[in-house]
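**Student:** Sequence isn't available, so here's the structure alone:
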C-alpha cells in the first residue's frame, strides 16, 4: 500500500497510517525529521517544545524539584512527586520511576548534582525546553496535557511520539502539523537552505511513510 519512493500529503499519509497499522494493540505514532543542520556546530542545535492539540495518548509521570510555596502549587497541578534536596538524593541513589523532570530556578544548584544521572537519559531540566520555570503549576498541567520536548540528536534528526493509532484522522493530522510548525519555528538563524530535509511518519509496527513537507505546509497555511 505504501510506495517507498513516494512523498505523501499529510491527509493521504494519515489515511495510510490507519490502513497499515494492523497490530492488536494501540500502536504509537512516531514522526522522524532529518534536518539540514551541521550537528557539530553549537549554534545550529535544535531544541524546544510543542503542545499537541490532541494530546499524546500517553500518561507521563512528572517529578518536580522545587521548594517553598511552589511545592504545593506543583502538587495541586498533578505532579507525581515533588521535593527538594530529599528528592535530589533519592534520584542520585538510583530512583528513576518518572518520564519528565521539572524544576524551579531557585533549586538548580542542587539539581546540577544530577547531571550524570539525568543527562544521559535526556531528562536534565533546561530553560530552553520549558522544564525550568517559576510557573511550575502551569508547566505541570501543560506537559500532562500533551506538551512535548523535542531535541535534535547527534546526526541532525528529531524523533517525536505524536499520538496513538486509535486517534481519529483529524487528531493525528493536527498533531503532525503542530509538530512540523514547532520544528520550523526552532530553526536556528545560522542555518541556510532547506531546513527540514525529510519527514517520515510511522506506527509502531507499520512501514515508514514519507511526507511531502512543502506540499502539506502550503495546503494548511
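**Tutor:** That came through, no problem. Keep in mind that what you see is a predicted model, and the values were worked out from it rather than measured.
**Student:** Map the structural domains onto the sequence of this protein.
**Tutor:** With automatic domain parsing serving as the domain definition, the record reports that the chain contains domains spanning 10-56+147-220, 62-145.
**Student:** Per-residue pLDDT of residue 220, please?
**Tutor:** Per-residue confidence (pLDDT) for residue 220: 44.
**Student:** Is it correct that residue 50 is in contact with residue 151?
**Tutor:** No. Between residue 50 and residue 151 there is no contact under C-beta atoms under 8 Å: 11.7 Å. C-betas here are computed from N, CA, C, even on glycine.
**Student:** Could you check which of the two has the larger neighbour count?
**Tutor:** More crowded of residue 50 and residue 151, by other C-beta atoms under 10 Å: residue 50, with 21 against 17.
**Student:** For the nearest residue to that one once chain neighbours are set aside, which residues are in contact?
**Tutor:** Distances taken as C-beta to C-beta, 6 or more residues apart in numbering place residue 182 nearest to residue 50, at 3.5 Å, with adjacent residues excluded. By C-beta atoms under 8 Å, 6 or more residues apart in numbering, the contact set of residue 182 is 48-50, 150.
**Student:** so how far is residue 81 from residue 182?
**Tutor:** 28 Å (C-beta to C-beta, to the nearest Å).
**Student:** now swap in residue 23 and tell me
**Tutor:** For residue 23, the distance to residue 81 (C-beta to C-beta) stands at 32 Å.
**Student:** Give me the more crowded residue out of these two.
**Tutor:** Neighbour totals were compared for residue 23 and residue 81, and residue 81 leads with 18 against 11 (other C-beta under 10 Å).
**Student:** Ramachandran coordinates for the more buried one?
**Tutor:** Backbone torsions for residue 81, taken as degrees, to the nearest 10, come to phi -150, psi 140.
**Student:** With residue 41 instead?
**Tutor:** Note on residue 41: backbone dihedrals following degrees, to the nearest 10 are phi -90, psi 120.
**Student:** hmm, back to that, now render the domains of the chain as TSV, adding distance to residue 3.
**Tutor:** Shown next, in TSV, are those (distance: least, C-beta to C-beta, whole Å):
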stretch	distance to residue 3
domain 10-56+147-220	9
domain 62-145	34
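**Student:** quick revisit: out of the contacts of residue 182, who has the most neighbours?
**Tutor:** residue 50 (21 neighbours).
**Student:** tell me the pLDDT at it?
**Tutor:** Residue 50 carries a pLDDT value of 93.
**Student:** secondary structure element for it?
**Tutor:** Assigned by DSSP states H and E, residue 50 belongs to strand 47-51.
**Student:** Give the pairing partners of that strand; include direction for each.
**Tutor:** strand 147-151 (antiparallel) (DSSP bridges).
**Student:** Average pLDDT for the partner strand, rounded please.
**Tutor:** What strand 147-151 shows for mean pLDDT is 89.
**Student:** what does that strand contact?
**Tutor:** Strand 147-151 has contacts (C-beta under 8 Å, 6+ apart) with 46-52, 56, 100, 122, 129-131, 158, 160-162, 179, 182-183, 186.
**Student:** quick one: the helices in this structure?
**Tutor:** All helices of the chain, identified by DSSP state H, fall at 10-20, 70-77, 85-92, 108-111, 115-119, 136-145, 169-185, 213-220.
**Student:** how many other residues sit next to residue 158?
**Tutor:** Quick note: residue 158 (other C-beta under 10 Å) scores 22 neighbours.
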